[in-house]
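Asks: what follows is a protein structure lacking sequence information:
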């Protein structure tokens, strides 16, 4: 049992907020997670505001459901979102394994794969700033950065994270893959390096700005409770 | 006007509200949304210094006296621009209508400018209303909240043909400033509703209008910067940027300001205090005192001069709205970068 509870938490730790590119467990989005004696996992998710966007919210609830169902000892999973403008539609849709189009009948024209890819792609650009910035600080020149491969970069959490996002996008993520890469997978030339790094840093600041605001709002929400 | 260390700052608060979120105004059957909306604002309110926090009940609806004290007596604001946000699907009399705002107009004279709004889904009726509002209030700007509900619709885009019709009409009526605010629900729900792509296209297609993107399009500030660098008639409204980050996350605020200064530039950034999410006093004073950190991590971001702060706090918006600025509060005329120089239709 204890193993299953830990397993569920670990599984939830693999679920990302697609927009913030961080695990929902780090963001405080998991309000509770329990497992009954007969293997029913019950997970309640919460988001910073009532108006958090339905598409991202759906992805998190659906991904949490999928991740928890994979855990040894879980026979059935009930994953719900509370206090959100579209919580009902999301909860029913995920429970029925109906997909986004069904859950929001008439309001959606496609499933959410494209949206997910769009944000993963931003994360893969932002990740290049995380990995390359320390190298720039150590004096690496543009011509060196343009030819550098992932295998030449010292190991780090940020490097693993970059590899992971690239792999999910089907982009080169192995040791021989270039460190710097355009969204379409093409190489960055020496001349392009300064602007590319500027853009990568901006992507990172953009994503992190949202993370900071969401965390702050989440923190105050939990501290004061709903008014 | 705010004076510090011998420098005088003309302050235009280009994004303020005078809302009614009182319980009596929550529309029957939609209370959850009315409450959800103002609770969301109240969450943002907590990002201010604790000594400026309001009690929730007070926050729902402030009085004209509160507004006057907080903005002009204590807040250093010379001119406030009221933005209208109707949300009549959730608030019986509207959340913040032009008429509510206008009630303060007469009393405050030229210390306040009221902006109107339109909703392209309102068709011919809406066009008539816009024309009436424009004449009645001599509108120079409108606020567009693209995620506003309207019947079964969950929002609209600036590139919708109907929006273009309204933008053309607005321009003919003498309106030149479009404040756009992106929100979460818009059809179809599988797309990113916060995307600012439509602003990009609309700005390209309407060179005679200025597009001020409120809170610099957070949560899409990166997309916003990539767009603004190419569109000379796009401005970054700093509501939420200063209010939400300067106190709560100061180091990160520096990064966001650094990016905006680099990509958008000091001539196209306008202060907005977002009353009464926040009061302007701590924002104006804090911003004047603020400087890019000396830390090497910030070394390639621009540093702010007194002129930069004067432009951002008031002179840029004054140019957009033709607000007369007393001579001693203007920048010297030989200053190489006058605010709003790129303005096409000044």
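Replies: Sure thing, it's come through. Just so we're clear, the structure is a prediction, and the values are computed from it rather than from any experiment.

Asks: contacts, neighbours, all on C-alpha from now
Replies: Fine.

Asks: get me the contact residues on the stretch 51-200 of chain B for chain A.
Replies: B:56, B:184, B:185, B:187, B:188, B:189, B:190, B:191, B:192 (CA under 8 Å from any CA of the partner chain).

Asks: assign the residue lying closest to residue A:99 once chain neighbours are set aside to helix, strand or coil.
Replies: Closest residue in space to residue A:99, ignoring its immediate chain neighbours: residue A:93 at 6.4 Å, by CA to CA, 6 or more residues apart in numbering or on different chains. State at residue A:93, reduced to three classes by DSSP: H, G, I helix; E, B strand; the rest coil: helix.

Asks: pull the number of nearby residues for residue A:93.
Replies: 20 (other CA atoms under 10 Å in any protein chain shown).

Asks: ok, it - contacts?
Replies: A:99, A:100, A:102, A:103 (CA atoms under 8 Å, 6 or more residues apart in numbering or on different chains).

Asks: identify, from the residues of the stretch 51-200 of chain B next to chain A, the entry nearest to residue A:132.
Replies: Set against residue A:132, the nearest of these by CA to CA is residue B:192 (28.5 Å).

Asks: okay, and the beta partners of residue B:144?
Replies: residue B:180 (DSSP bridges).

Asks: what ranges does the stretch 201-346 of chain B have for its helices?
Replies: B:221-228, B:250-263, B:280-289, B:306-310, B:316-320 (DSSP state H, counting those that start in this stretch).

Asks: write out the residues of chain A neighbouring chain B.
Replies: A:49-55, A:85, A:100, A:107-112, A:115, A:202-203, A:205-207, A:209-210, A:212-213, A:216-217, A:220-221, A:226-227.

Asks: how does it look with 6 Å?
Replies: A:49, A:50, A:53, A:55, A:107, A:108, A:112, A:202, A:203, A:206, A:210, A:217 (CA under 6 Å from any CA of the partner chain).

Asks: got a PyMOL select line for the buried ones in those residues?
Replies: In PyMOL syntax, the buried subset of these is picked out as below (16 or more other CA atoms under 10 Å in any protein chain shown):
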select buried, chain A and resi 49+50+53+55+107+108+112+202+203+206+210+217
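
Asks: and the residues of chain A next to chain B, which two are furthest apart?
Replies: Of all the pairs that those form, the one spanning the most space (CA to CA) is A:107 and A:202, at 32.1 Å.

Asks: under the pLDDT cut-off, which ranges of the chain? List them.
Replies: Since no chain was named, I'll use chain A. A:1, A:224-227 (pLDDT under 70).

Asks: other chain: chain B
Replies: In chain B (pLDDT under 70), the answer is B:334-346.

Asks: how about the strands in it?
Replies: In chain B, the strands defined using DSSP state E lie at B:2-4, B:7-9, B:12-16, B:79-82, B:112-114, B:141-145, B:177-181, B:210-213, B:234-237, B:269-270.

Asks: and for chain A?
Replies: So, for chain A - with DSSP E - the strands run A:16-17, A:22-23, A:30-35, A:40-46, A:76-82.

Asks: tabulate those (TSV), appending mean neighbour count.
Replies: Formatted as TSV, the strands of chain A follow (neighbours: other CA atoms under 10 Å in any protein chain shown):
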stretch	mean neighbour count
strand A:16-17	21
strand A:22-23	17
strand A:30-35	16
strand A:40-46	20
strand A:76-82	20
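
Asks: and residue A:119, how many neighbours?
Replies: For residue A:119, using other CA under 10 Å, the count is 19.

Asks: kindly apply the preceding question to residue B:50 instead.
Replies: Residue B:50 has 10 neighbours, counted by other CA under 10 Å.

Asks: most neighbours among the contacts of residue A:93, which one?
Replies: Neighbour max across the contacts of residue A:93 (other CA under 10 Å) = residue A:100, 25 neighbours.

Asks: residues contacting that one?
Replies: Contact analysis of residue A:100 by CA atoms under 6 Å, 6 or more residues apart in numbering or on different chains lists residue A:111.

Asks: and it, how far is that from residue A:69?
Replies: Going from residue A:100 to residue A:69 by CA to CA, to the nearest Å gives 19 Å.

Asks: now swap in residue B:227 and tell me
Replies: 42 Å.

Asks: kindly report the same for residue A:128.
Replies: Spatial separation of residue A:128 from residue A:69 under the definition CA to CA is 33 Å.

Asks: got it, and residue B:155?
Replies: Distance from residue B:155 to residue A:69, counting by CA to CA: 36 Å.

Asks: the two - which one has more neighbours?
Replies: residue B:155 (22 against 19).

Asks: my guess is that one contacts residue B:145, does it?
Replies: No - the pair residue B:155 / residue B:145 is not scored as a contact, 8.4 Å apart, by CA atoms under 6 Å.

Asks: once you drop chain neighbours, what's closest to the most centrally placed residue in chain B?
Replies: Centroid-nearest residue in chain B, with CA atoms, centre = their mean: residue B:15, separated by 3.5 Å. Setting aside the residues directly before and after it, residue B:15 is nearest to residue B:272 in space (CA to CA, 6+ apart), at 4.4 Å.

Asks: show me which residues of the stretch 201-346 of chain B are close to chain A?
Replies: Checking the stretch 201-346 of chain B against chain A by CA under 6 Å from any CA, the hits are B:219, B:221, B:222.

Asks: try 8 Å
Replies: Residues of the stretch 201-346 of chain B lying close to chain A (CA under 8 Å from any CA) are B:218-222, B:244-245, B:248-249, B:252, B:255-256, B:259.

Asks: among the residues you listed, give me the pair with the biggest separation.
Replies: Farthest pair in those, by CA to CA: B:222 and B:248, 20.4 Å.

Asks: outline the domain layout of chain A.
Replies: According to automatic domain parsing, chain A comprises the domains A:2-109, A:114-213.

Asks: reformat the ones you listed as CSV; add distance to residue B:99.
Replies: Rendered in CSV, the data for the domains of chain A read as follows (distance: least, CA to CA, whole Å):
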stretch, distance to residue B:99
domain A:2-109, 27
domain A:114-213, 32
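
Asks: dump the residue contacts of the residue nearest to residue B:15.
Replies: With CA under 8 Å, 6+ apart, residue B:272 has these contacts: B:12, B:13, B:14, B:15, B:16, B:237, B:238, B:239, B:240.

Asks: show me which of those are buried.
Replies: B:12, B:13, B:14, B:15, B:16, B:237, B:238, B:239, B:240.

Asks: circling back to that earlier point, could I get the helices of the stretch 201-346 of chain B as JSON lines with distance to residue B:102 and mean neighbour count?
Replies: JSON lines is the format used below for the helices of the stretch 201-346 of chain B (distance: least, CA to CA, whole Å; neighbours: other CA atoms under 10 Å in any protein chain shown):
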{"stretch": "helix B:221-228", "distance to residue B:102": "32", "mean neighbour count": "23"}
{"stretch": "helix B:250-263", "distance to residue B:102": "33", "mean neighbour count": "20"}
{"stretch": "helix B:280-289", "distance to residue B:102": "20", "mean neighbour count": "19"}
{"stretch": "helix B:306-310", "distance to residue B:102": "28", "mean neighbour count": "20"}
{"stretch": "helix B:316-320", "distance to residue B:102": "20", "mean neighbour count": "23"}
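
Asks: count of neighbours near residue A:169?
Replies: For residue A:169, the neighbour count with other CA under 10 Å is 19.

Asks: typo on my end, it should be residue B:198
Replies: 14.

Asks: isn't residue B:331 up against residue B:306?
Replies: No - in this structure residue B:331 lies outside contact range of residue B:306 using CA atoms under 8 Å: 9.8 Å.

Asks: okay, and the common contacts of the two?
Replies: Common contact partners of residue B:331 and residue B:306 (CA under 8 Å, 6+ apart): none.

Asks: in chain A, which helix has the most residues?
Replies: If you go by DSSP state H, chain A has its longest helix at helix A:193-224.

Asks: can you give me the buried ones in that one?
Replies: For helix A:193-224, by 16+ other CA under 10 Å, it's A:193, A:196-197, A:199-221.
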